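In: Sequence and predicted structure are below.
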Amino acid sequence: MIAELGAFALMLALALSGLQTVLSVLARIRHSAPLRGAGEGAAAGAFLAVAVAFAALMYAFVTSDFSVANVAANSHTDKPLLYKVAGVWGSHEGSMLLWCLALTGFGAAVALAGRNLPAGLKALVLATQGTLGLLFIGYTALASNPFMRLADPPVEGASLNPILQDPFLAIHPPFLYSGYVGFSVVFSFAVAALIEGRVDAAWARWVRPWTLAAWSFLTVGITLGSFWAYYELGWGGWWFWDPVENASFMPWLIGTALLHSAVVTEKRGALAGWTVFLALAAFTFSMLGAFLVRSGVLTSVHAFAVDPTRGVLLLIILGLASGSAFALFAWRAPKLAPGGLFAPVSREGALVLNNLFLAAATATVALGTLYPLIRQALTGEAISVGGPYFALTFAPLMCACLVLVPAGPLLAWKRGDLVGLAERLWAAALASLAVGIGAWLFIKPERMLAPLGLMLGGWLILGALSEVAARVRLGSAPLAEVGRRLKGLPRGSWGTTLAHMGLGVFVLGACFETAWKSESVQTLALGQSLKVAAFTLTLHDIRSVPGPNYEAERGFISVRWPGGVSEITPERRFYPAQRQTTSQVAIEPHGASDLYVVLGERREVAGKPVWLVRAYWNPWARMIFGGPLLMALGGLISLSDRRLRLAAGARAERSVGTAVPEPAE
Amino acid sequence: MPLLPKSKKARRRLMVVAVAAPIVAAAAGLSLFAMGDAAVFFYSPSEAQTKHVPPDKLIRIGGLVQPGSVRKLADGRIEFAITDNRAVSQVSFRGDLPDLFREGQGVVTQGSFDRSGVFEAREVLAKHDEKYMPKEVADALKKSGEWNRGGTGS
């Protein structure tokens, strides 16, 4: 019964989304407040209906109702509760439902929270959001319905792929999807602005919080996914330039560009067309990601195995939504207010440069991801484009972009001055140069580029701190004044500082880990040991340990290093439901660094059992994941800035021409 | 004749182009260069044989792990054979095999042939769901007419 209720709620959500579109369009045409209210009500109703459907599916998973096909294919009675819940979005159908939940959730949030939006714009945003809802809920209900029943229910389910049974993987899709789908709001805002024919500072100010929220969620989602790959796949790597990873990375890059260009549109009224273009592109890349992951054109751990017809349907949805939005853009964008003039050396100049680099970097990632697919479709020749391609293309572009990051916030709007900039940044420049030279002299990198990377990381962190120092007049004003200024700094600027520092932390961690990690692989009999970095690992026992839905072979390995002793217990787990084995990596953190040990399979040598043990020393690895979390935190702190909410209403009626440029902040 | 246009707007446009062009050109140039250099071709064992892939060129070979061919040596090296049921490539690999590696199942390896014709794998990828085969392997098997396994790899 519950499953039927879910299926019914899904159809209801489909109808309500349609109603939301029709009512909102009518409200816009007739300027009718009651119709508008009805449209908002429909948006809230659509969200509630999807939420009911989602709860129904979760109920089916938790109670292991194997008469529901999706539950039978992805769940198992022995599975721990967390993974039963996570199983809801572990499959293609369920994750589409999560996508719809986020989509209608954002629609409802605009309907309920956007009180100070101009009535016409809001109605159009809701109409666009409703159309997207219609497309995606329609796709879910008609082509990927998670509530299909089985005529002949099995006694036991097929369970979830064991490598997906992991707490981090369980929680990362909700973040990822909130990020992907969060860009739908920005997309709707862009479409609405194009129809209204007005993109101004106020519009940019409304778009910014949604972009910030989506971007922060996406950052957390990608980081959690990367952390999962780091410790679950057992290769010690954290980013593989896997097409599915790229699919999540491209909307992130575009979202980052959008965050920065929206600031220019907000403060200076410039770049309006470009900002709208990015707003459309961000969600287009989100949908492209959904298509790549679900169409079966890729093979990847993250990809869902689904049949190609569903992929074609998704491609049609992508074509319809983005095609019509970009056609609208081509038609209406030339009529948008032209941007103001600005000097090359200025805050907006730096932000334009940032956007150019980010856009170019996104293009190289898109090319590397899509070219093999296109080439295979055309010539039938299979090629793969991996790390080396991205190291040659993405990395130099991004490095050039990162060098500019500390300069941006220190330049004034309209007309910056290079001398002043140099005065504020020379200390940071010298210090990071010292970091680079020190790294090169004292810790002897194996790769020449590593000290440059460390220099860049130091430059980002110190540059961000210099910006705070310059703002509070550290060194030139009395301490009391500095304290007062420090308190008075808006949250938005703390957010920027934190995000840029997080970027620096990430760059430091990534470069250090890549250049100085060490690895050791050996087959060990009981009592034998291996050495990695300063650690001596001795395998002293292997025991079988039963798990909830697996049998584990647990290795007991003692670790000795100059400063102490400890014991770690990596495992190999065998899941009888799928007859599949996974490795449970043992990770022992030492400060920001990780000792990472994998227990391999058992072999026989001269009649004695030996185990393949792989040990990695990953120095500063935690910073790779800590940095992006700092960035997301920066995004959330910016989001909590009261100016974003209070001033939006006050500035609503101000148009581009009269927008007073604010002093540099 | 002054080189720069007179109107402020045209000058600004020119400046934007002057800044954007090198970045776009660098991105395009790097991409083309890297694509020629870093793209790795995928072959089935029979294609690898007929195309005479030169030694030390980084390629991928995919197919089925030939049942009974896996030998685990004491020094940690693993030898196995990949087949598309028409030709066989001998593979040597040092390291731990992915959890999904099984005899008779699909696998993709990346590496290069050595002078004696043994494929030295640097990576063994079997990171797909066990329900289905790597797409390249399925395509290669279809191409060689050996695809009659009902769409599954098991």
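Out: Happy to help now that I have it.

In: From now on I want contacts and neighbour counts done on CA atoms only, so please keep to that.
Out: OK.

In: Looks like A:F66 contacts A:G157 (just checking).
Out: Yes. Proximity of A:F66 to A:G157 meets the contact threshold set by C-alpha atoms under 8 Å, at 6.4 Å.

In: intersection of neighbour lists for the two?
Out: A:A72 (C-alpha atoms under 8 Å, 6 or more residues apart in numbering or on different chains).

In: buried set for the longest helix that chain B contains?
Out: The helix spanning the most residues in chain B, taking DSSP state H as the definition, is helix B:8-38. The neighbour-count criterion (16 or more other C-alpha atoms under 10 Å in any protein chain shown) identifies B:12, B:20, B:23-24, B:26-28, B:30-32, B:34-35, B:38 as the buried residues of helix B:8-38.

In: Using JSON lines, lay out those residues together with pLDDT and distance to chain A.
Out: What follows is those, written out as JSON lines (pLDDT from 0 to 100; distance: C-alpha to the nearest C-alpha, whole Å):
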{"residue": "B:R12", "pLDDT": "71", "distance to chain A": "8"}
{"residue": "B:A20", "pLDDT": "81", "distance to chain A": "7"}
{"residue": "B:I23", "pLDDT": "83", "distance to chain A": "7"}
{"residue": "B:V24", "pLDDT": "83", "distance to chain A": "6"}
{"residue": "B:A26", "pLDDT": "84", "distance to chain A": "8"}
{"residue": "B:A27", "pLDDT": "83", "distance to chain A": "6"}
{"residue": "B:A28", "pLDDT": "83", "distance to chain A": "8"}
{"residue": "B:L30", "pLDDT": "82", "distance to chain A": "5"}
{"residue": "B:S31", "pLDDT": "81", "distance to chain A": "6"}
{"residue": "B:L32", "pLDDT": "80", "distance to chain A": "9"}
{"residue": "B:A34", "pLDDT": "77", "distance to chain A": "5"}
{"residue": "B:M35", "pLDDT": "77", "distance to chain A": "6"}
{"residue": "B:A38", "pLDDT": "72", "distance to chain A": "5"}
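
In: Looking at those, spot the one nearest A:W203.
Out: Proximity of the buried residues of helix B:8-38 to A:W203, judged by C-alpha to C-alpha, is greatest for B:R12, which lies at 25.2 Å.

In: A:K267 versus the closest one, what's the distance?
Out: 19 Å (C-alpha to C-alpha, to the nearest Å).

In: ditto for A:W238
Out: Summarising the geometry, the distance separating A:W238 from A:K267, computed by C-alpha to C-alpha, is 38 Å.

In: Likewise for A:A533?
Out: The separation that A:A533 has from A:K267, given C-alpha to C-alpha, amounts to 52 Å.

In: More neighbours: these two, which one.
Out: Neighbours per residue, other C-alpha atoms under 10 Å in any protein chain shown: of A:A533 and A:K267, the larger number sits with A:K267, 22 against 17.

In: Please read off the pLDDT at that one from the model.
Out: Among the per-residue scores, A:K267 holds a pLDDT of 86.

In: What of B:D129?
Out: For B:D129, the pLDDT comes out at 44.

In: ok so, going back, so the next helix or strand after the longest helix of chain B, near chain A or not?
Out: Proceeding N to C from helix B:8-38, the next assigned helix or strand is strand B:39-43, under DSSP states H and E. Yes. Against chain A, strand B:39-43 shows contacts by C-alpha under 8 Å from any C-alpha of the partner chain at B:A39, B:V40, B:F41, B:F42, B:Y43.

In: Tell me if I'm right that the third one and A:S384 touch.
Out: Yes. Taking C-alpha under 8 Å as the definition, B:F41 is a contact partner of A:S384 at 6.3 Å.

In: A:G483: neighbouring residues, count only.
Out: Applying other C-alpha under 10 Å, we find 14 residues neighbouring A:G483.

In: Determine the three-state secondary structure at B:R86.
Out: What DSSP: H, G, I helix; E, B strand; the rest coil gives for B:R86 is coil.

In: Tell me the spatial nearest neighbour of it, not counting adjacent residues.
Out: In space, B:R86 comes closest to B:S46 once its chain neighbours are excluded; the distance is 6.3 Å by C-alpha to C-alpha, 6 or more residues apart in numbering or on different chains.
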